[in-house]
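*Asks:* Need a 3D model of the following:
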Amino acid sequence: MKVTFFINYLNHHQLPVADEMYKILGDDFHFVATYPRNPEELKGGFDYSDRPYCLLAAELKEDCQKAHQLNIESDVCVFGAGNLDWECERATTDKLSFEISERWFKRGLINILSPRLIKWWWLYQTKLRKKPFYKLCASAFTASDCNKLLTFRNRCFKWGYFTHLPEYSPRLNKTADNIIRIMWCGRLIPLKHADHLIEASHKLINTGYRFAVDIYGDGPCKQALQHLIDSKDLSDIISLRGNISNKDVLDEMRKSEIFVFTSDRKEGWGAVVNEAMSSGCCIVGSDATGSVPFLIKDRYNGMIYRDGHVDSLYNKVKYLLDNPDICRSMGEKAASDLRNIWSPGRAANNLLKLISEIQSNVCSSILEGPCSVAK
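*Replies:* Residues are numbered from 1 along each chain as shown. I've put the predicted structure just below:
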């Protein structure tokens, strides 16, 4: 079976699954980078274009020619967002194809006016609707948005972003103070809502709880967040730690019992949740973000709170502080689920299984994780 991915470029989000596909298919797998490489990522050392399966269609003429040939000849093609021209070319065949995307209505139904959405919808209705095109949903809300748009009905399957899984290592020893450590990590921008964790922490302190909060990252909201911490007299409890390396982030996750993820609906996925789960943290995540409803089963392998409601966040964290053994158990289940259900290897194998079942015209037998039915 010849499978080709057409995605903007081979970055650290796409690499783990691409590597797994190559392990399975060898030279029958290709990844076509349809956009020029991002100079900022190249500076950061994130250039993976030397992978033997990678074609730089936007940069090298010979790679572009080979990519067009693969688009017609491959048994299966998988398209990332923003590759409409490649999808149109593929639609001239009757071969199996998939489209990966996050949700459309990140800002609500106002997105219906987006020229990009209108163009995509018209393409679907005129070129793709009667073709064997299926949707891989990189958000728990993609299938719902597609349903509203009368697209991909009964053709939506779960997908996401898949992070590299280092060799399993035990949780790091707690610090000498032996108090519960809560971690937050991300860009300090409005949609991430680190302020919600600060507000919830203030309520918890006033209720008599002892814990420590470390916030990692930088961004335009940093000064306002520090002011909020100071105004609530929380500087002994909450620390803004700035940017650290990804390796150090993972080490800090392994020291923290709770990881709080407060992004709103504008967060397409949130790969930091994958990393925190694989490190054994108990996640307390917003129900509006793309990854949380897929990855977290409330009160089984983490906690889900109501987006934008500080009281809901407060109650979920309070429960974990009251029940440290349950918190630890949920963190262990999170690590197990991330490695056994939502790993890059499982995603690649499930995709190939789904392809085989669609080609055989049988219902999907995948019941959970990547490529299970997205409702």
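
*Asks:* And the contacts of stretch 40-56?
*Replies:* 9-12, 15, 18-19, 21-22, 27, 29-33, 37, 63, 66-67, 70 (C-beta atoms under 8 Å, 6 or more residues apart in numbering). Quick note: C-beta positions are derived from backbone N, CA and C, even for glycine.

*Asks:* List the backbone torsions phi and psi for the nearest residue to S201 once chain neighbours are set aside.
*Replies:* Closest residue to S201 apart from its sequence neighbours, by C-beta to C-beta, 6 or more residues apart in numbering: V213 at 5.6 Å. The phi/psi pair for V213 (degrees, to the nearest 10) reads phi -120, psi 130.

*Asks:* Name the residues of stretch 230-248 that are buried.
*Replies:* Using 16 or more other C-beta atoms under 10 Å as the burial criterion, the residues of stretch 230-248 that qualify are 232, 234, 237-238, 240-241.

*Asks:* how near is the residue nearest to S201 to L240?
*Replies:* For V213, the distance to L240 equals 10 Å [C-beta to C-beta, to the nearest Å].

*Asks:* sorry, back to before: identify, from the buried residues of stretch 230-248, the entry nearest to D75.
*Replies:* Of all those, D75 sits closest to R241, with 47.9 Å by C-beta to C-beta.

*Asks:* Name the residues linked to the nearest residue to the closest one once chain neighbours are set aside by a beta bridge.
*Replies:* Take R241 and drop its neighbours on the chain: the residue closest to it by C-beta to C-beta, 6+ apart is Y216, 4.8 Å away. Going by DSSP bridges, Y216 is paired in beta bridges with C185, G242.

*Asks:* what about the protein, any weak spots by pLDDT?
*Replies:* 41-45, 168-177 (pLDDT under 70).

*Asks:* if you set the cut-off to 90 instead, what comes out?
*Replies:* Within the chain, the stretches falling below the threshold (pLDDT under 90) are 9, 11-13, 37-47, 82, 107-113, 164-179, 363-364.

*Asks:* where exactly do the helices run in this protein?
*Replies:* With DSSP state H applied, the chain shows helices at 15-25, 39-43, 61-73, 84-90, 115-123, 142-148, 194-206, 222-231, 246-255, 271-278, 292-295, 310-322, 324-340, 344-359, listed in chain order.

*Asks:* Point out the most buried one among these.
*Replies:* Among the helices of the chain, helix 271-278 has the highest mean neighbour count (mean count of other C-beta atoms under 10 Å), at a mean of 25.

*Asks:* Tabulate the CA atom coordinates of it in PDB.
*Replies:* In PDB, the C-alpha atoms belonging to helix 271-278 read as follows (Å, rounded to 0.1, in the frame of the first residue of the first chain):
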ATOM      1  CA  ALA A 271      -0.100  19.000  22.700                       C
ATOM      2  CA  VAL A 272       1.200  20.000  26.100                       C
ATOM      3  CA  VAL A 273      -1.700  17.800  27.500                       C
ATOM      4  CA  ASN A 274      -0.100  14.800  25.700                       C
ATOM      5  CA  GLU A 275       3.200  15.600  27.300                       C
ATOM      6  CA  ALA A 276       1.800  16.100  30.800                       C
ATOM      7  CA  MET A 277      -0.200  12.900  30.600                       C
ATOM      8  CA  SER A 278       2.800  10.800  29.400                       C
END
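
*Asks:* Show which residue of the protein lies farthest from the average position.
*Replies:* G208 (35.1 Å; C-alpha atoms, centre = their mean).

*Asks:* From V292, how far off is that residue?
*Replies:* 29 Å.

*Asks:* and what of G285?
*Replies:* 4 Å.

*Asks:* Which residues are in contact with each of those two?
*Replies:* Contacts common to G285 and V292, judged by C-beta under 8 Å, 6+ apart, are 261, 270, 273, 304.

*Asks:* which two in those residues are spaced the farthest apart?
*Replies:* G270 and I304 (12.9 Å).

*Asks:* Touching both of these two, which residues are there?
*Replies:* Counting by C-beta under 8 Å, 6+ apart, the contacts common to G270 and I304 are 285, 292.

*Asks:* quick one: which of the shared contacts of G285 and V292 is nearest A81?
*Replies:* G270 (16.6 Å).

*Asks:* which residues touch that closest one?
*Replies:* Counting by C-beta under 8 Å, 6+ apart, G270 has contacts 261, 263, 285, 289-292.

*Asks:* Which of these fall within strands?
*Replies:* 261, 285 (DSSP state E).

*Asks:* Tell me who's in contact with D337.
*Replies:* 277, 295, 301.

*Asks:* likewise F294?
*Replies:* So F294 contacts 140, 158, 160, 342 (C-beta under 8 Å, 6+ apart).

*Asks:* I'd like the distance between it and K333.
*Replies:* Distance, F294 to K333, using C-beta to C-beta: 15 Å.

*Asks:* Quick check: closest non-adjacent residue to P220.
*Replies:* I189 (6.3 Å).
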